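# Got a predicted structure plus its sequence, pasted below:
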Amino acid sequence: MREFAQLLDGLVYTPSRNGKLLLIGEYMKRTVDPDRGWALAALTGNLDLKAVKSSAIGEMIRGRVDPVLYEMSRDYVGDMAETVSLLWPSSDAADVDDGTLTLDVVVQRLSNVKRAEASAMLAEMMDHLDISGRFAVLKLATGGLRVGVSSRLAKTALAQAFDVPVDDIEESWHALTPPYATLFDWLEGRSGRPDPAGTPFFRPFMLAHPLEEASVDLKDYAAEWKWDGIRVQIVGTEGETRLYSRAGDDITGSFPDVADAFSGHGVLDGELLVKGDVQGAEAHGGAAASFNALQQRLGRKAVSGKMLGEFPAFVRLYDLLLDGEEDLRALPWTERRKRLEAFMPSLDPSRFDLSAVIDAKDFEALGEIRAGARDAAIEGVMLKRRDSPYVTGRRAGLWYKWKRDPLTADCVMMYAQRGHGKRSSYYSDYTFGCWTEDGELLPVGKAYSGFTDEELKGLDRFVRSNTVNRFGPVREVEKTLVLEVAFDSVHESKRHKSGLAMRFPRISRIRRDKPAAEADMIATLRKLVI
């Protein structure tokens with residue numbers, strides 16, 4: 001357990017991607033099975049310990065320290081696991097952190113404990129660990145490591161450490177289960193690569209670079225809409241269909257209506273959307289609702305019949321990777337497009353349609369068409385070289401994304417909350433609002449990005465110096481600081497009193513020069529709803 005705790009500590013305090021890759025890779029090479037397999041499962045989000053809830057940890061710490069002290073400390077620290085690991089009373093046990101409490105032992109205990117016994121079992125482990133070990137166990141128990149590592153980054157680190165292509169790991173991933181003994185047998189040369197054949201497994205996506213050139217020649221590039229949904233891969237084998245997100249997560253359970261409608265044999269790439277009547281959408285390829293509608297279904301393990309009816313999902317198809325068992329990825333885009341068009345008649349038209357190619361005589365004309373895309377709930381334009389194969393990741397010059405320009409609004413900071421990880425000592429998550437006609441300030445969004453480290457320190461000082469109320473880890477502040485917020489779009493929302501919610505809000509500028517009374521109105525934002 002000591003080694004895993006040291007890994008988490010290192011990842012928290014290592015900001016660079018290359019540094020994180022090195023830390024994970026070295027851990028995987030020196031750590032024995034099955035500990036490293038459980039660590040990999042935790043880092044990739046594949047370790048689900050259902051019996052342990054945050055309430056059990058709260059019950060545990062309140063039984064050992066003054067509850068008021070705990071609440072005050074948590075408010076200051078901002079992270080429950082860190083607070084509990086620091087506050088936990090030192091133990092007189094002779095075997096504290098003696099190495100017998102391995103990661104495998106911890107995972108087995110957490111996996112098999114009954115919910116009613118979770119608090120006592122956790123307390124016993126806390127007594128036999130140091131601060132770092134306690135922090136690691138609590139992070140494992142709650143499933144939220146928050147150490148700045150994505151599933152893809154963990155797999156990349158593993159690939160680099162054992163000198164294999166990360167795509168080989170990705171394509172084998174869904175044939176594996178924690179603690180991944182067969183994976184490490186392959187990586188260390190004791191067996192062949194795990195074969196997912198016969199299962200609907202994930203293939204890594206081809207991605208696009210942001211367009212930075214002044215223009216491209218449309219003789220060389222085809223233009224398609226970049227819709228405001230989520231990229232998905234539909235994988236069909238004989239008798240089974242799975243849906244995967246861009247990160248390779250299986251999302252079939254959230255969208256059974258789409259999976260059930262696909263009975264083909266092949267692998268397709270497309271945009272998952274929800275049907276809806278959006279102004280201007282028909283002119284750009286079909287009626288799709290805003291991302292806000294799709295969000296109602298994202299992340300759900302089970303979907304009710306009512307939700308299936310209110311938010312019917314469909315996929316707008318971009319590409320055909322495999323037609324049956326025939327791999328088309330090496331073919332140029334023009335050939336894959338023809339094969340996709342030929343594949344379309346076999347699909348249910350109520351759940352699958354074809355991404356339209358934009359008809360523009362030149363790049364200037366395409367820019368004019370793109371300028372009107374906001375009315376159709378479109379995120380921008382994709383530019384794809386007509387001769388490009390379908391290759392994993394981002395390859396220079398092949399695909400570009402030309403996103404629409406962001407909108408901006410001047411908003412007033414209302415609340416602030418502590419961040420996580422290296423930001424746990426700072427108030428870095430900000431809720432902001434705009435004015436009603438009656439002079440009431442209502443929340444319209446929350447952002448925690450877009451500012452520099454120096455600006456973060458200044459914002460944190462403002463929060464601490466201008467707090468007017470506290471609600472646990474959240475502080476209400478004087479309504480005096482204006483933030484210029486950039487966002488992609490704004491939608492109707494029943495979750496907020498303002499009735500509005502921003503898509504991808506981020507702080508673009510701190511407007512200390514502007515009086516709060518001159519910030520934007522709710523009515524102004526409402527005119528931007530799509």
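Nice, thanks for sending it over.
# In terms of helices and strands, where is the closest residue to residue 131 other than its chain neighbours?
Of all residues not flanking residue 131 in the chain, residue 85 sits nearest, at 5.2 Å (Cβ to Cβ, 6 or more residues apart in numbering). Placement of C-beta: from N, CA and C, glycine included. Element membership for residue 85, per DSSP states H and E: helix 80-87.
# roughly how far out does the helix or strand that comes right after that helix sit from the chain middle?
Going down the chain from helix 80-87, the next helix or strand is helix 103-112, by DSSP H and E. Put simply, helix 103-112 sits 27 Å off its chain's centre (Cα atoms, centre = their mean, to the nearest Å).
# and what of stretch 290-306?
Using Cα atoms, centre = their mean, the offset of stretch 290-306 from its chain centre is 16 Å.
# And for stretch 198-206?
19 Å.
# Just the terminal-to-terminal distance for it.
Terminal residues of stretch 198-206 lie 23 Å apart, using Cα to Cα, to the nearest Å.
# Show me which residues of that stretch are buried.
200, 201, 202, 203, 204, 205, 206 (16 or more other Cβ atoms under 10 Å).
# What of stretch 420-434?
420, 422-424, 426-434.
# for stretch 33-43, same thing?
Across stretch 33-43, burial judged by 16+ other Cβ under 10 Å covers 34, 35, 36, 37, 38, 39, 40, 41, 42, 43.
# Same question for stretch 287-307.
287, 288, 289, 290, 291, 292, 293, 294, 295, 297, 303.
# what's the answer for stretch 328-343, then?
So for stretch 328-343, counting by 16+ other Cβ under 10 Å, buried means 328, 329, 331, 333, 336, 337, 339, 340, 343.
# do stretch 228-237 as well
228, 229, 231, 232, 233, 234, 235, 236, 237.
# which SSE is the residue lying closest to residue 62 once chain neighbours are set aside in?
Distance criterion Cβ to Cβ, 6+ apart; nearest residue to residue 62, sequence neighbours excluded, is residue 70 at 6.2 Å. Following DSSP H and E, one finds residue 70 within helix 67-77.
# What are the contacting residues of that helix?
Where contact means Cβ atoms under 8 Å, 6 or more residues apart in numbering, the residues beyond helix 67-77 that reach it are 61-62, 80, 83-84, 86-87, 418, 424-425, 470, 472-473.
# farthest-separated two in the residues you listed?
62 and 425 (23.8 Å; Cβ to Cβ).
# just the helices in the stretch 401-530 of the chain please.
In the stretch 401-530 of the chain, the segments counted as helices under DSSP state H, counting those that start in this stretch are 453-465, 522-526.
# Can you lay out those helices as JSON lines showing mean neighbour count and distance to residue 19?
Formatted as JSON lines, these follow (neighbours: other Cβ atoms under 10 Å; distance: least, Cβ to Cβ, whole Å):
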{"stretch": "helix 453-465", "mean neighbour count": "15", "distance to residue 19": "17"}
{"stretch": "helix 522-526", "mean neighbour count": "16", "distance to residue 19": "40"}
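# Please name the residues that touch the nearest residue to residue 110 once chain neighbours are set aside.
With Cβ to Cβ, 6+ apart as the criterion, residue 110 has its nearest non-adjacent residue at 4.5 Å, and that residue is residue 49. Counting by Cβ under 8 Å, 6+ apart, residue 49 touches 107, 110, 111, 140, 141, 143.
# Distance of residue 49 relative to residue 176?
19 Å (Cβ to Cβ, to the nearest Å).
# So which of the buried residues of stretch 198-206 are in strands?
residue 206 (DSSP state E).
# Tell me the one among the buried residues of stretch 198-206 nearest to residue 396.
residue 206 (12.8 Å).
# can I assume that closest one is in contact with residue 401?
No: between residue 206 and residue 401 there is no contact under Cβ atoms under 8 Å: 11.8 Å.
# picking that back up, the residue nearest to residue 131 touches residue 134, doesn't it?
Yes: the criterion here is Cβ under 8 Å, and residue 85 meets it with residue 134 at 3.8 Å.
# Beta-bridge partners for residue 227, please?
residue 378 (DSSP bridges).
# tally of neighbours for it?
For residue 227, the neighbour count with other Cβ atoms under 10 Å is 27.
# again, but for residue 20
As a measure of burial, residue 20 has 22 neighbours, counting by other Cβ under 10 Å.
# quick one: low-confidence ranges for this protein?
51, 91-98, 277-286, 373-377, 421, 530 (pLDDT under 70).
# if you skip the residues just before and after it, what's nearest to residue 390?
In space, residue 390 is closest to residue 329, 4.0 Å off (Cβ to Cβ, 6+ apart).
# Confirm that residue 271 sits in a strand.
Yes: per DSSP: H, G, I helix; E, B strand; the rest coil, residue 271 lies within a strand segment.
# Verify the stated contact: it with residue 355.
Yes: using Cβ under 8 Å, residue 271 makes contact with residue 355 at a distance of 7.3 Å.
# Give the intersection of the neighbour lists for the two.
The contact lists of residue 271 and residue 355 share 227, 316, 318, where a contact means Cβ under 8 Å, 6+ apart.
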